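Engineer: Kindly generate the corresponding structure for this input.
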Amino acid sequence: MSIKQPTDRITALYARLSRDDEKDGISGSIQNQRAILEKYAKDNKLPNPRFFYDDGFSGVLFNRPAFMEIMELAEQGLVANLVVKDHSRLGRNRLIVGQLLEEDFIRLNVRYIAIMDNIDTKNGISDLVPMQDLFNEWHAKNTSDKVRKVMQSKGMSGKHLTTNPPFGYMKSPDDKEQWIIDEPAAEVVKRIFDLCISGLGPTQIAKKLKAEKVMTPTEYWNSIGRKCSNPPAVPFGWVADTVSNILDKQEYCGDTVNFRTTSKSFKLKKRLERPQDEWQIFENTHPAIVDRETFALVQELRKHRRRPTKSGIVSMFSGLLYCADCGEKLYYSVTNNYKREQAYFFCSSYRKNSDICSAHYIREKVIEKLVLESMQRVLWYVQSYEKLFAQKQLENFGEQKKKELTEKRRELEKAKRRIREIDTVIQKLYEDNATGKVSDDRFATMSMSLETEQEELKTKVPELETELENAKIATEGLQRFIEKAKKVTQLTELTPELVHEFIQKIVVSKPEYKDGKRYQSVEIHYNGVGIIREPSPEEMEEYFQEHLKTKGARMTKTA
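Structural biologist: Predicted structure coming up:
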């Protein structure tokens, strides 16, 4: 079926310039291409010339705005001729270019002309054109490889790879490579982190910011003249994804995070997330907007996402309660009459299958009372008997744990030594096989066995290193806990910020009944220190007397 062609069909003069083409100078510029195209159309009396251009678009992709407009007009039968300066302006993907020349342009009755390459489909397509398409694609791949290597080198040196700083930062006027804090935007970032700690999720934070008419990042950048994209259709249109992206960015701690994403091919521009262990992180490269403890707390909270009930209520303890028997989380629920005093937690396993576990039912107000009383005692203990607290916590770390860590250090050194030994053994085995001392079958069996053992050890080494590092972090966590505890004065009520700053998890046992009374064990684990065993009156008295002796000795010595 032939397409009926209108009499006023146009000649599309198409120019394209990518970021890499800009390096070629003025000869490849959009203005220069336009001059060549318009002169050619005039000299050859091509009808109704109309200029289209895509500036800053790679030839590998074809979802370019101007080119897509030309193809839409061609589908309507409105394009008679498509003229480009040279064949690479059409594109650098040989498969798509080949389809355009051999199928689409023929079907749409579009005459294609590449001036500098002497290509005119009116005269047929030379057998050399597919080879030219291949070379054009190789050029794109070669350019992509060079850019990738430059970016790799830049990223490994600790420099920022992002073109624009994240919301909350701006480029320094003195050095475009450096980021400085953009105060108005930074205040919004801080607020978002504070709202997360207070118990709100990304969706709730987005709704709150929208209700308060806080400008989105795009609106703010446009307002200060940093044009990044068209203004959003809905003013103050915060969405959960925008909030989540802000909460996930370690850059707000003052760190540069490179190689967070990658692409599968130079033909595919879609960015894919890399595993976190492949990121390159350089600490303290620019001023921090959020301190590290706040950032770490938010990441921990986001691991345990707290969903509001049907009434919209979120408990400050949501995500912190665990079942002592099955280890699953306890769900939060508010009764149908929506009275907060009736809110309770129950085992999530029990909800799914009552045969797996029991309800472990406990009211929110009971948890709140227990946590408040525990925190009041613990904070008083730390502030009044700091040295005793630190001493007892280190003792609770336990002799057994210290022995285990010593054994793990030995095991780590042994594993590393064995990995080196296997390399030597395999090398010797290879030499014996080459000289005929070991048969091929024997070599294959032994080398496979050794390589399997080595791979297992290589997997084990980072696990051991992580365990030893965690033990180091535990002692550092004790000091951080003491410093935080000393800052809190007159604790009379709990807030979500305090709860998530101090509490790691709360483990709830199933209730037991004795003499008609209900008893339920609850263990409170504190961040950085775990369960805190409070000292007995005898231990406190002993510490107090020792403290008086030490103080008296110092006074005597001074006198």
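
Engineer: what stretches of the stretch 351-500 of the chain score poorly on pLDDT?
Structural biologist: Filtered on pLDDT under 70, the stretch 351-500 of the chain yields the residue ranges 395-405, 467-476.

Engineer: Swap in 90 and give it another go.
Structural biologist: For the stretch 351-500 of the chain, applying pLDDT under 90 flags the ranges 351-362, 377-500.

Engineer: Tell me where it has strands.
Structural biologist: Ranges of strands in the stretch 351-500 of the chain, per DSSP state E, counting those that start in this stretch, are 362-363.

Engineer: need the helices for it, in chain order.
Structural biologist: Assigned helices in the stretch 351-500 of the chain, in chain order: 364-384, 386-397, 399-434, 440-487, 496-502 (criterion: DSSP state H, counting those that start in this stretch).

Engineer: which of these is buried the deepest?
Structural biologist: helix 496-502 (a mean of 19; mean count of other CB atoms under 10 Å). Heads up, the C-betas are built off the backbone N, CA and C, glycines and all.

Engineer: ok, now which ones touch the residue nearest to Ile10 when sequence neighbours are not counted?
Structural biologist: Leaving aside its sequence neighbours, Ile10 sits nearest to Asn48 (CB to CB, 6 or more residues apart in numbering; 4.3 Å). By CB atoms under 8 Å, 6 or more residues apart in numbering, the contact set of Asn48 is Asp8, Arg9, Ile10, Thr11, Ala80.

Engineer: if you set the cut-off to 10 Å instead, what comes out?
Structural biologist: Asp8, Arg9, Ile10, Thr11, Ala12, Ala41, Leu78, Val79, Ala80, Asn81 (CB atoms under 10 Å, 6 or more residues apart in numbering).

Engineer: Let's see if you can find the most crowded of the residues you listed.
Structural biologist: Ala12 (29 neighbours; other CB atoms under 10 Å).

Engineer: That residue touches Leu73, doesn't it?
Structural biologist: Yes - assessed by CB atoms under 10 Å, Ala12 is found in contact with Leu73 at 7.4 Å.

Engineer: anything in contact with each of the two?
Structural biologist: In contact with both Ala12 and Leu73: Arg50, Phe52, Val79, Val110, using CB under 10 Å, 6+ apart.

Engineer: could you dump those to JSON lines with secondary structure?
Structural biologist: JSON lines is the format used below for the shared contacts of Ala12 and Leu73 (DSSP: H, G, I helix; E, B strand; the rest coil):
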{"residue": "Arg50", "secondary structure": "strand"}
{"residue": "Phe52", "secondary structure": "strand"}
{"residue": "Val79", "secondary structure": "strand"}
{"residue": "Val110", "secondary structure": "coil"}
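
Engineer: Could you identify which of these has the most neighbours?
Structural biologist: Neighbour-wise, the shared contacts of Ala12 and Leu73 (other CB under 10 Å) top out at Val79, 24 neighbours.

Engineer: Just give me the closest of the contacts of Asn48 to His286.
Structural biologist: Closest approach between the contacts of Asn48 and His286, by CB to CB: Ala12, at 46.7 Å.

Engineer: so who does that closest one touch?
Structural biologist: 37, 41, 46, 48-52, 66-67, 69-71, 73-74, 78-84, 110, 112.

Engineer: Okay, and which of the residues you listed map to strands?
Structural biologist: Pro49, Arg50, Phe51, Phe52, Val79, Ala80, Asn81, Leu82, Val83, Val84, Tyr112 (DSSP state E).

Engineer: Redo these as TSV? Include pLDDT.
Structural biologist: Shown next, in TSV, are the ones in strands among the contacts of Ala12 (pLDDT from 0 to 100):
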residue	pLDDT
Pro49	94
Arg50	94
Phe51	95
Phe52	95
Val79	94
Ala80	94
Asn81	95
Leu82	95
Val83	95
Val84	92
Tyr112	93
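
Engineer: Which residue ranges of the stretch 151-300 of the chain form strands?
Structural biologist: 169-171, 179-181, 256-258, 261-262, 272-273, 280-282.

Engineer: lowest-confidence stretch among these?
Structural biologist: Sorting the strands of the stretch 151-300 of the chain by mean pLDDT places strand 261-262 lowest, at a mean of 64.

Engineer: Quick one: mean pLDDT over the helix or strand that contains Met131.
Structural biologist: Using DSSP states H and E, Met131 maps to helix 129-156. What helix 129-156 shows for mean pLDDT is 66.

Engineer: what do you get for stretch 530-542?
Structural biologist: 75.

Engineer: just how off-centre is that stretch within its chain?
Structural biologist: Counting by CA atoms, centre = their mean, to the nearest Å, stretch 530-542 is centred 42 Å from the centre of its parent chain.
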